[in-house]
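K.L.:
model this:
(one chain, ligands or ions: 3)
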Amino acid sequence: MRGIFVTGTDTDVGKTRVAAGLVAAWAATGEAVCGLKPVAAGAEATPAGLRNEDAEALRAAASVELPYEQVNPVCLEPPMAPHLAAAEAGVDLATAPLARRLEAAVPEGVTAVVEGAGGWLVPTAPGETLADLAEALGLPVVMVVGLRLGCLNHALLTAESIAARGLPLAGWVANHIEPDMTAAAANRDTLAERLSAPLLAELTHVPDATPAEVVESLHGAVSRLGREVLA
Ligand SMILES: Nc1ncnc2c1ncn2[C@@H]1O[C@H](COP(=O)(O)OP(=O)(O)OP(=O)(O)O)[C@@H](O)[C@H]1O
Ligand SMILES: C[C@H](N)[C@H](N)CCCCCC(=O)O
Ligand SMILES: [Mg+2]
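P.N.:
Ligands and ions are numbered 1, 2, ... in the order given. A predicted model of the protein is given here:
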């Protein structure tokens with residue numbers, strides 16, 4: 001598969017904002033691009049079936065339209081750890097068949113932006129995590145850092161675990177999820193010094209950012225990823 005896997009330092013750090021923004025920014029350059037949300041926990045019942053808002057946002061940003069079930073093959077209703085929601089629903093989260101489904105869903109020549117769920121090592125099937133899925137798909141990783149107290153440790157642990165699997169960390173995004181984090185810029189600089197991957201973009205704190213505003217802040221990230229990862 002050609003694309004990137006978007007992980008984050010935690011749940012609620014801005015992975016969807018970044019992933020959907022990257023999809024839209026790529027689409028704006030004329031690229032054939034789609035978003036995928038392999039496993040979603042937290043969904044609404046609709047007449048068409050369960051729908052998760054991350055998957056809907058990724059679909060809405062795409063230039064290549066895929067059926068909902070291909071974008072989000074596993075959609076679980078309760079907003080909780082996915083392996084627990086899957087156990088309740090009797091759903092199997094095994095990596096290998098899920099990776100095969102995703103690969104079959106993305107047409108040749110289409111770039112896929114794959115959003116994880118929660119952080120890097122969120123459990124899936126027994127003994128497996130979402131990191132195994134990123135590895136099975138063979139994708140370079142983009143890490144979204146939600147800038148808040150505690151994120152330095154989370155970001156450095158995540159980067160170390162990505163490297164330990166031999167996956168490339170294509171870059172990271174500094175996301176100002178808090179309006180008034182103390183020493184936000186110094187925390188960003190600390191990570192820039194200690195992570196070997198490039199800082200791809202910085203998203204300022206904007207609670208109700210429009211898609212156009214998010215795209216604007218990700219143009220540079222898309223051209224860098226395009227040159228270095230998708231070339
Ligand atoms: N830069 C920002 N400024 C203000 N609010 C933001 C920013 N980035 C994200 N948010 C808000 O934070 C919340 C969480 O963001 P988002 O849904 O993208 O997180 P996530 O990492 O994808 O979470 P999940 O693990 O559930 O997939 C959303 O309400 C989003 O609008
Ligand atoms: C419900 C939430 N928004 C995400 N979909 C799932 C987050 C799982 C986190 C699991 C954990 O690391 O404890
Ligand atoms: Mg999300």
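K.L.:
run through who's touching stretch 213-222.
P.N.:
17-18, 20-22, 24-26, 28-29, 142, 171, 173, 200-204, 206 (Cβ atoms under 8 Å, 6 or more residues apart in numbering). Yep, even glycine has a C-beta here, placed from its N, CA and C like the rest.
K.L.:
near ligand 1, anything from that stretch?
P.N.:
No: using Cβ under 6 Å from any ligand atom, stretch 213-222 stays clear of ligand 1, with a minimum separation of 8.4 Å.
K.L.:
pLDDT score for whichever residue of the chain sits closest to ligand 3?
P.N.:
Closest to ligand 3 within the chain is Thr16: 3.3 Å, counting by Cβ to the ion. We have a pLDDT of 98 for Thr16.
K.L.:
sec struct for it, please.
P.N.:
helix (DSSP: H, G, I helix; E, B strand; the rest coil).
K.L.:
I'd say it and Glu115 touch.
P.N.:
Yes: under the criterion of Cβ atoms under 8 Å, Thr16 makes contact with Glu115 at 6.2 Å.
K.L.:
distance of Met31 from ligand 2?
P.N.:
Slight slip there: residue 31 is Glu, not Met. 27 Å (Cβ to the nearest ligand atom, to the nearest Å).
K.L.:
okay, and that residue sits in which element?
P.N.:
If you go by DSSP states H and E, Glu31 is not part of any helix or strand.
K.L.:
quick check on the residue lying closest to it once chain neighbours are set aside: phi, psi?
P.N.:
Leaving aside its chain neighbours, Glu31 sits nearest to Thr111 (5.7 Å; criterion: Cβ to Cβ, 6 or more residues apart in numbering). Thr111 adopts backbone torsions of phi -80, psi 130, taken as degrees, to the nearest 10.
K.L.:
give me the neighbour count for the residue of the chain closest to ligand 3.
P.N.:
23 (other Cβ atoms under 10 Å).
K.L.:
same check, this time on the one 3 residues further on
P.N.:
Using other Cβ under 10 Å, the number of residues around Ala19 comes to 29.
K.L.:
which SSE is it in?
P.N.:
Assigned by DSSP H and E, Ala19 falls in helix 15-28.
K.L.:
on that earlier part again, which ones are touching the residue nearest to the residue of the chain closest to ligand 3 when sequence neighbours are not counted?
P.N.:
Among residues not flanking Thr16 along the chain, Asp54 sits closest, at 4.5 Å (Cβ to Cβ, 6+ apart). Residues near Asp54 by Cβ under 8 Å, 6+ apart: Lys15, Thr16, Ala19, Ala20, Lys37, Ala40, Asn72, Glu115.
K.L.:
can you list these in a markdown table and add distance to ligand 2?
P.N.:
Formatted as a markdown table, those follow (distance: Cβ to the nearest ligand atom, whole Å):
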| residue | distance to ligand 2 |
| --- | --- |
| Lys15 | 10 |
| Thr16 | 9 |
| Ala19 | 13 |
| Ala20 | 15 |
| Lys37 | 9 |
| Ala40 | 6 |
| Asn72 | 11 |
| Glu115 | 10 |
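K.L.:
per-residue confidence for the residue nearest to Glu31?
P.N.:
So Thr111 comes in at 97 (pLDDT).
K.L.:
and for Arg165?
P.N.:
pLDDT, read off for Arg165, is 96.
K.L.:
got the buried residues for stretch 212-220?
P.N.:
Under the neighbour-count criterion of 16 or more other Cβ atoms under 10 Å, stretch 212-220 has Val214, Val215, Ser217, Leu218 buried.
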